[in-house]
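J.: model this:
(4 chains)
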Number of protein chains: 2
Amino acid sequence: MKKSSTIPADLSARIAGEIRDAIISGRLIVDERLPSEAELANQFKVSRPTVREALKRLAAQSLIRTQRGASGGAFVNRLRFEDAYGQMITTSTLLLSMNEVSFDVACEARFAMERACVPLATARRDAAHLERMRIELDRQAQPDLTDEDFCSSDVAFHRALVDGAGNPALSYQLAGVVEGMLPLMNMITFTARSRENIQQLHGEIFDALVRRDSDSVTNALSELERYTLRLGRQVIVARNKKSD
Amino acid sequence: MKKSSTIPADLSARIAGEIRDAIISGRLIVDERLPSEAELANQFKVSRPTVREALKRLAAQSLIRTQRGASGGAFVNRLRFEDAYGQMITTSTLLLSMNEVSFDVACEARFAMERACVPLATARRDAAHLERMRIELDRQAQPDLTDEDFCSSDVAFHRALVDGAGNPALSYQLAGVVEGMLPLMNMITFTARSRENIQQLHGEIFDALVRRDSDSVTNALSELERYTLRLGRQVIVARNKKSD
DNA sequence: CGCGGATCATTTGTCAGACATTTAACCGGA
DNA sequence: TCCGGTTAAATGTCTGACAAATGATCCGCG
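T.: Below you'll find the model as predicted:
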């Protein structure tokens, strides 16, 4: 546990860092109440606004929650997966949309991780997962579905597949991929894609999952990866042509 | 893109949310300068400290950076993988250490994701990756290595394996697993583990990677998973006995 | 005319104090 | 005993001010 010794010129950043370290190292335990803002200001020899800025930084990371009123204050937050999902998705989306990650790289990462869920999902998927997937298959078959709705159904379908693995840590990790990357990939490919192709592959995945046939699910996913990759490249080529 | 319509009683949280939405939706582009704090305070009809709290929230997520002086201000940050690593690791660590994630679940998730990197790593690993792994293998063979150093070498070894896949998006996702979960798992098992066993499996992984033998790497990883799982359960049983 | 240094304006960082709002706990009366 | 008002503590917000950093500007000198 090294301390962050990197000249943090900012007082509020430094204070936030110290409290964060205390939480991570376990010196502050879950649901423990931090000293009041006034006390913290005294302890750190800074003003209350500075302390507040530090606390807001921690609140933005869901490390603490605050409560008003008597016996209120800042409490160490028990971090839940749901809290972390939002941040995960935001970060993944931004990384993809403004970093120099190519479509190919994102596609490869997404399907590699999705395939990692397959063996567990085939073993553990229950009726509820299959039902969720069936509902989305039906939605995707409706011809008057908007592109946006088709995309969100796509997300829900893959989400169900991932959740079928029955491992919350895996679901958390995949949240960034499925709900961050997948929508962006859809935004790129939706002009060129064939819903029929995608539906058919989704159908294969579903059927194989029903049969608990791990290899077939993996193959269908790989097929979907190849198709998505082809679409992405096609769109990018078209763009380059237009910009000539 | 729905707006967050969930009664965020907090002014600074609401303002941070609005700016965040603007960044994610692309209305604010990378390196664009936000209005000064005073202007933002006017626009949102709040005071400057409130605006500052909102900006600190965004800074905590690396969405903006600030600069002092004339022509300074808050700028939309180009999110880099390195910036996101830290948060990813913090979050993974906390999720594991204070949430109700069992050792088994964490172990399963970690190895599932690590195996997902294997096909790519066997295809793309270069001399530098192998060299990094060889160095760590040598370190791990030193009998006078402290437990802490052995653990950090373990992390570096698996890190090299993951990076061998040559996919930054995958490396980013795995950072949370390898640098967050692995150390915690080591903290649990280090009392019971046999370095010889681990070294041997690491050796198998390395050799198979040299031969570009994907299946053997996967098998060795699965073997390591079984061993780790056994250790974890053993430690937990021992704990329960002691607490009787 | 060119250039270097002093000055200035702008912007974030920090502080002090005040008031508003929320909430739990306390206390007194029916 | 229970109910309701009062009170105190804590966060949320505002005002105003000064410090510090930093780029731009201007002036004087060679």
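
J.: where in chain A is pLDDT low?
T.: Filtered on pLDDT under 70, chain A yields the residue ranges A:1-8, A:243-244.

J.: Run through the residues of it sitting next to DNA strand D.
T.: A:34, A:36-38, A:48-49, A:52, A:55, A:66-74 (Cβ under 7 Å from any atom of the strand). Every C-beta, even on glycine, is put in place using the N, C-alpha and C of the backbone.

J.: show me which of these neighbour chain B.
T.: The residues of those that also fall near chain B, by Cβ under 8 Å from any Cβ of the partner chain, are A:49, A:52.

J.: Pull out the buried members of the residues of chain A next to DNA strand D.
T.: Buried residues within these, counting neighbours by 16 or more other Cβ atoms under 10 Å in any protein chain shown: A:34, A:37, A:52, A:55, A:66, A:73, A:74.

J.: what secondary structure does the last one sit in?
T.: Just to be clear, that refers to residue A:74. Secondary structure, DSSP: H, G, I helix; E, B strand; the rest coil: residue A:74 is strand.

J.: what sits against residue A:149?
T.: Counting by Cβ atoms under 8 Å, 6 or more residues apart in numbering or on different chains, residue A:149 touches residue A:139.

J.: quick one: it from residue A:178, how far?
T.: Per Cβ to Cβ, to the nearest Å, residue A:149 is found 17 Å from residue A:178.

J.: Remind me what the helix or strand harbouring residue A:204 packs against, helices and strands.
T.: If you go by DSSP states H and E, residue A:204 is part of helix A:195-210. Using 3 or more Cβ pairs under 8 Å, 6 or more residues apart in numbering or on different chains; DSSP states H and E, the elements in contact with helix A:195-210 are helix A:103-124, helix A:127-141, helix A:147-163, helix A:214-243.

J.: which outside residues touch that helix?
T.: A:121-122, A:125, A:129-130, A:133-134, A:136-137, A:140-141, A:150, A:154, A:157, A:161, A:164, A:214, A:216-217, A:220-221, A:223-224, A:227.

J.: out of the helices and strands packed on helix A:195-210, nearest to residue B:12?
T.: Closest of these to residue B:12 is helix A:147-163, at 30.6 Å (criterion: Cβ to Cβ).

J.: Report the angle between that closest one and helix A:214-243.
T.: Between helix A:147-163 and helix A:214-243, the angle comes out at 150 degrees (axes from the mean of the first three to the mean of the last three Cα atoms, to 10 degrees).

J.: follow-up on the earlier one: inside strands: which ones of the buried ones among the residues of chain A next to DNA strand D?
T.: A:66, A:73, A:74 (DSSP state E).

J.: center of chain A, which residue is that?
T.: Centroid-nearest residue in chain A, with Cα atoms, centre = their mean: residue A:176, separated by 2.2 Å.

J.: check contacts around that residue.
T.: Shown in contact with residue A:176 (Cβ under 8 Å, 6+ apart): A:88, A:89, A:91, A:92, B:173.

J.: Apart from its chain neighbours, what residue comes closest to it?
T.: residue A:92 (3.6 Å; Cβ to Cβ, 6 or more residues apart in numbering or on different chains).

J.: do the same with residue A:78
T.: The shortest distance from residue A:78 to any residue other than its chain neighbours is 4.7 Å, reached at residue A:30 (Cβ to Cβ, 6+ apart).

J.: same thing with residue A:147?
T.: Per Cβ to Cβ, 6+ apart, closest to residue A:147 is residue A:190, 5.0 Å.

J.: backbone phi and psi for that neighbour, please?
T.: For residue A:190, the backbone dihedrals (degrees, to the nearest 10) come out as phi -60, psi -20.

J.: returning to what we had before: tell me the spacing between the residue nearest to the centre of chain A and residue A:88.
T.: Distance, residue A:176 to residue A:88, by Cβ to Cβ: 4 Å.

J.: Next: residue A:135.
T.: Per Cβ to Cβ, residue A:135 is found 25 Å from residue A:88.

J.: Looking at those two, which one has more neighbours?
T.: More crowded of residue A:135 and residue A:88, by other Cβ atoms under 10 Å in any protein chain shown: residue A:88, with 25 against 14.

J.: I'd say that one and residue A:180 touch.
T.: Yes: if you go by Cβ atoms under 8 Å, residue A:88 and residue A:180 touch, sitting 7.3 Å apart.

J.: which non-adjacent residue is nearest residue A:141?
T.: Take residue A:141 and drop its neighbours on the chain: the residue closest to it by Cβ to Cβ, 6+ apart is residue A:199, 6.4 Å away.

J.: should've said residue A:34
T.: Nearest residue to residue A:34, sequence neighbours excluded (Cβ to Cβ, 6+ apart): residue A:74, at 4.3 Å.

J.: ok, that neighbour - contacts?
T.: Here residue A:74 is in contact with A:33, A:34, A:37, A:55, A:58, A:59, A:64, A:65, A:66 (Cβ under 8 Å, 6+ apart).

J.: Nearest spatial neighbour of the fourth one, chain-adjacent residues omitted?
T.: Residue nearest to residue A:55 in three dimensions, not counting chain neighbours: residue A:74, with 5.6 Å by Cβ to Cβ, 6+ apart.

J.: Kindly state the beta-bridge partners for the one you found.
T.: When bridges are called by DSSP bridges, residue A:74 pairs up with residue A:66.

J.: Let me know the distance separating residue A:115 from residue A:219.
T.: From residue A:115 over to residue A:219 the distance is 10 Å, taken as Cβ to Cβ.

J.: Neighbour count for these two, which is higher?
T.: More crowded of residue A:115 and residue A:219, by other Cβ under 10 Å: residue A:115, with 20 against 17.

J.: Show me how the record splits chain A into domains.
T.: Domain ranges of chain A: A:11-76, A:82-243, per automatic domain parsing.

J.: In TSV, list those domains along with distance to DNA strand C.
T.: TSV is the format used below for the domains of chain A (distance: least, Cβ to the nearest atom of the strand, whole Å):
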stretch	distance to DNA strand C
domain A:11-76	2
domain A:82-243	20
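
J.: So is stretch A:214-234 next to chain B?
T.: No: judged by Cβ under 8 Å from any Cβ, stretch A:214-234 and chain B are separated, with a smallest distance of 10.6 Å.

J.: How far does that stretch sit from its chain's centre?
T.: Centroid displacement of stretch A:214-234 relative to its chain, using Cα atoms, centre = their mean, to the nearest Å, is 21 Å.

J.: List the buried residues for it?
T.: For stretch A:214-234, a neighbour-count test (16+ other Cβ under 10 Å) marks A:214, A:216-221, A:224-225, A:227-229, A:231-232 as buried.

J.: Just give me the closest of those residues to DNA strand D.
T.: Among these, residue A:232 lies closest to DNA strand D (Cβ to the nearest atom of the strand), at 40.3 Å.

J.: do you know how far the closest residue to residue A:217 other than its chain neighbours is from residue A:111?
T.: Among residues not flanking residue A:217 along the chain, residue A:208 sits closest, at 4.4 Å (Cβ to Cβ, 6+ apart). Shown here: residue A:208 relative to residue A:111, a distance of 16 Å by Cβ to Cβ.
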